[in-house]
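Enquirer: Next come a sequence and a model predicted from it.
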Amino acid sequence: MAASQPIPVYTQLKDVFQDTATALAQGPRWNNLIEEFTQRYGRKPEYIARAPGRVNLIGEHIDYALFGVFPAAVERDILMAVAGREEHDPGRITADNLDGKYSRQTFAPIKNHVQEWELDIDKTQLRWESYVKAGYYGVLGKFFNSNEDVPKGVDLLVTGSVPAGSGLSSSAAMVVASTLSFLAINQRLDGISKGDLVNITVSNERRVGVNSGGMDQSASVISAAGAALYVSFFPLLSAEPIPLPITAPRSVFVCANSLVVSDKVVHAKTRYNLRVVETLAAARVLGRRLGVKMANDEKITMREVLDRWLGVKPGEELEVAALKSGLERISKEIDGLKLVESDGSDGTETGLTLEELIELSGLSASDFKQIYLSWVDIEATHFQLYKRSKHVFSEAWRVLEFRDICLRTAEGNQSHDTLRQLGKLMDESQTSCAELYECSCPELDELTHLAKEAGAYGSRLTGAGWGGCTVSLVEESRVEEFITKVKAGYPAYHGLHGGALHEVIFATKPSSGACLFKLT
Ligand code: NG1
């Protein structure tokens with residue numbers, strides 16, 4: 001099982017990429033990082049941690065409802081070069097970045113009065129070192145609880161090629177690289193599997209203030225070159241590399257950055273975290289309507305509601321076919337949620353006020369607030385349950401259909417028709433994200449529309465949305481023509497050429513997951 005494997009530690013670049021051409025192309029960037037590190041800190045790094053970004057092919061905003069998703073790691077990544085320091089102030093970190101807009105930071109953890117580690121993470125603004133701290137926090141909390149264990153001081157230098165705030169998970173890549181670096185330097189890597197690293201990094205990233213699911217970290221850590229990853233979260237995290245039927249005709253995924261930066265931390269209250277709360281509250285209301293047993297203090301997810309409604313025993317894993325038919329059945333049950341939201345006049349959904357929502361949840365106001373609102377900061381006058389649930393169940397079904405098409409299409413049997421079927425699911429996902437989950441934006445709508453006009457089989461936003469990137473499935477021989485057409489139609493790309501254009505719109509192949517490179 002991919003998740004139970006150990007974290008790979010390499011000493012040769014060709015093993016990192018499993019492909020000599022990519023290793024050769026990447027070599028100068030790695031060498032430059034080592035040289036810069038040596039110049040800035042007066043010694044060579046001991047390790048370089050590599051963590052790739054990811055593109056989610058399908059399955060948006062359903063990981064935190066515990067439904068499976070279908071991402072792939074991209075070639076763009078975060079590299080973090082690190083070396084330990086023997087000195088008097090244990091645990092002090094100097095963090096530098098090759099990108100001059102991120103200034104050098106030094107910080108040290110302190111133990112508070114209850115002997116827990118504290119690092120000052122500013123959740124009110126986006127600061128690059130917060131992601132370094134988030135990774136460090138997890139390592140401290142897991143391995144340095146006794147007073148005898150003292151973390152090492154560390155010098156580190158980062159370089160990244162994943163555009164920030166673009167839906168390609170630069171943040172997860174940073175947290176994975178940081179966690180890996182601190183584990184390696186403090187010699188705590190033994191016995192840590194890829195699955196363990198995913199679990200540690202998911203909770204680490206929550207320290208920055210985003211209640212993320214586990215998709216990005218799984219893709220960054222567990223991906224295999226050449227395949228997408230079907231990641232399921234329930235009853236346990238598991239990840240299965242699935243070969244993509246994109247060799248005949250040869251096709252690629254093209255990422256296009258809308259250049260609208262959606263800062264997840266800054267907008268979390270009204271966007272990402274609000275959706276997390278809406279889907280959790282919807283799960284409780286739906287569960288209640290369906291007569292599903294749940295404890296009063298339980299933060300039940302949509303997936304758990306479905307499994308209990310289907311009578312699946314705790315801990316048992318539902319077969320994909322049964323899950324798919326369960327999703328079809330439960331989708332018919334959510335119409336009831338629409339009625340309670342309608343304002344009765346023209347059928348427009350107005351959403352529920354907090355008071356109405358609390359009443360439907362069957363909980364007391366104080367219990368509801370404790371379970372759903374005490375751990376997260378959100379801002380909303382109304383909550384939409386029907387639209388969000390309809391998106392979640394239909395998107396979860398599309399992921400399974402996408403996976404089935406990939407698995408059904410044996411090599412030698414691939415065709416335009418297969419790609420059209422995958423493309424159609426991607427298009428449906430985009431419509432659902434835009435209309436039901438309301439996580440698109442005019443620029444993403446425009447880019448996906450242009451992509452279709454330029455010949456993509458399918459096109460959708462990828463990642464959290466509200467900005468960031470789209471992903472389009474395009475025949476490889478038509479990529480240049482595709483990019484020219486999209487560029488002509490998208491005003492923010494006018495005037496971009498060569499490298500600058502390649503920064504914002506580029507084809508990518510599924511890459512390998514995170515690793516450590518040990519310098520000898
Ligand atoms: P981005 O914003 O692309 O990193 C976020 C979440 C994912 C998932 C997607 C939506 C984080 C770190 N990641 O991805 O877990 O929920 O949105 O599908 O918050």
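Expert: Looks like it came in fine.
Enquirer: Give me the neighbour count for the residue in the stretch 301-450 of the chain positioned nearest to the ligand.
Expert: As assessed by CB to the nearest ligand atom, the ligand sits closest to residue 439 within the stretch 301-450 of the chain, at 7.7 Å. (Each C-beta comes from the backbone N, C-alpha and C, glycine too.) Look at residue 439: counted by other CB atoms under 10 Å, it has 22 neighbours.
Enquirer: right, is the lengthiest strand in the chain up against the ligand?
Expert: When secondary structure is assigned using DSSP state E, the longest strand within the chain turns out to be strand 70-85. No - applying CB under 6 Å from any ligand atom, one finds strand 70-85 separated from the ligand by no less than 8.9 Å.
Enquirer: C-terminal to that strand, what's the next element?
Expert: Sequence order places strand 93-97 as the next helix or strand after strand 70-85, per DSSP states H and E.
Enquirer: quick one: strands adjacent to that following strand?
Expert: Applying DSSP bridges to the sheet, strand 93-97 is found paired with strand 105-107 (antiparallel), strand 153-160 (parallel).
Enquirer: Now mean pLDDT and distance to the ligand too, for the ones you listed, in TSV please.
Expert: Written out in TSV, the entries for the strands paired with strand 93-97 read as follows (pLDDT from 0 to 100; distance: least, CB to the nearest ligand atom, whole Å):
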stretch	mean pLDDT	distance to the ligand
strand 105-107	95	21
strand 153-160	97	14
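Enquirer: Relative to residue 450, which of those is closest?
Expert: strand 153-160 (27.5 Å; CB to CB).
Enquirer: quick check: angle from that closest one to strand 70-85?
Expert: With axes from the mean of the first three to the mean of the last three CA atoms, to 10 degrees applied, the angle from strand 153-160 to strand 70-85 works out at 140 degrees.
Enquirer: Show residues contacting strand 153-160.
Expert: If you take CB atoms under 8 Å, 6 or more residues apart in numbering as the criterion, strand 153-160 is touched by 29, 32-33, 36-37, 40-41, 45, 77-87, 89-99, 102, 128, 132, 170, 173-174, 177, 181-182, 185.
Enquirer: And the strands paired with strand 93-97: which comes nearest residue 25?
Expert: Taking CB to CB as the measure, the strands paired with strand 93-97 were each checked against residue 25, and strand 153-160 came out nearest at 15.1 Å.
Enquirer: what's the following helix or strand after the helix or strand bottoming out on mean pLDDT in the chain?
Expert: Lowest mean confidence among the helices and strands of the chain (mean pLDDT, DSSP states H and E): helix 335-341, at a mean of 74. On the C-terminal side of helix 335-341, the closest following helix or strand by DSSP H and E is helix 354-361.
Enquirer: For whatever residue of the chain ends up closest to the ligand, list the residues it contacts.
Expert: Residue of the chain nearest the ligand, by CB to the nearest ligand atom: residue 463 (2.5 Å). With CB under 8 Å, 6+ apart as the criterion, the residues that contact residue 463 are 56, 60, 166, 167, 168, 169, 469.
Enquirer: Count the neighbours of the closest residue to the third one other than its chain neighbours for me.
Expert: Excluding the flanking residues, the one nearest residue 166 by CB to CB, 6 or more residues apart in numbering is residue 468, at 4.5 Å. When neighbours are defined as other CB under 10 Å, residue 468 has 27 of them.
Enquirer: quick one: contacts for the residue nearest the centre of the chain?
Expert: Closest residue to the average C-alpha location of the chain: residue 216 at 2.7 Å, with CA atoms, centre = their mean. With contact taken as CB under 8 Å, 6+ apart, residue 216 is in contact with 54, 71, 169, 171, 172, 173.
Enquirer: one more time with 6 Å, if that's ok
Expert: Contacts were defined as CB atoms under 6 Å, 6 or more residues apart in numbering; by that measure residue 216 touches 54, 169, 172.
Enquirer: Among the contacts of strand 153-160, the buried ones, what's the ChimeraX command?
Expert: Applied in ChimeraX, the following selects the buried portion of the contacts of strand 153-160 according to 16 or more other CB atoms under 10 Å:
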select :33,36,37,41,45,77,78,79,80,81,82,83,84,85,91,92,93,94,95,96,97,98,102,128,132,170,173,174,177,181,182,185
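Enquirer: what about the residue of the chain closest to the ligand, distance to residue 451?
Expert: Here the criterion is CB to CB, to the nearest Å. By it, residue 463 lies 16 Å from residue 451.
Enquirer: Find me the pLDDT at the residue nearest to the centre of the chain, would you?
Expert: We note a pLDDT of 91 for residue 216 in this prediction.
Enquirer: Strands of the stretch 251-400 of the chain, start to end?
Expert: 251-257 (DSSP state E, counting those that start in this stretch).
Enquirer: Sorry, wrong one. I was asking about the stretch 101-250 of the chain.
Expert: For the stretch 101-250 of the chain, strands defined by DSSP E, counting those that start in this stretch occupy the ranges 105-107, 110-111, 117-118, 153-160, 227-232, 238-243.
Enquirer: Please name the residues that touch the closest residue to residue 19 other than its chain neighbours.
Expert: Setting aside the residues directly before and after it, residue 19 is nearest to residue 225 in space (CB to CB, 6+ apart), at 6.7 Å. The neighbours of residue 225, taking CB under 6 Å, 6+ apart as the test, are 18, 511, 512.
Enquirer: which of those count as buried?
Expert: For these, a neighbour count by 16+ other CB under 10 Å gives the buried set as 511, 512.
Enquirer: In helices only, show me the contacts of residue 225.
Expert: When DSSP state H is applied, the contacts of residue 225 are split such that none fall in helices.
Enquirer: any chance of the contacts of residue 225 in TSV, with pLDDT and distance to the ligand too?
Expert: As requested, the contacts of residue 225 are exported to TSV (pLDDT from 0 to 100; distance: CB to the nearest ligand atom, whole Å):
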residue	pLDDT	distance to the ligand
18	79	25
511	88	16
512	91	19
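Enquirer: okay, the strands of the stretch 101-250 of the chain in JSON lines with mean neighbour count next?
Expert: Rendered in JSON lines, the data for the strands of the stretch 101-250 of the chain read as follows (neighbours: other CB atoms under 10 Å):
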{"stretch": "strand 105-107", "mean neighbour count": "15"}
{"stretch": "strand 110-111", "mean neighbour count": "12"}
{"stretch": "strand 117-118", "mean neighbour count": "14"}
{"stretch": "strand 153-160", "mean neighbour count": "23"}
{"stretch": "strand 227-232", "mean neighbour count": "25"}
{"stretch": "strand 238-243", "mean neighbour count": "20"}
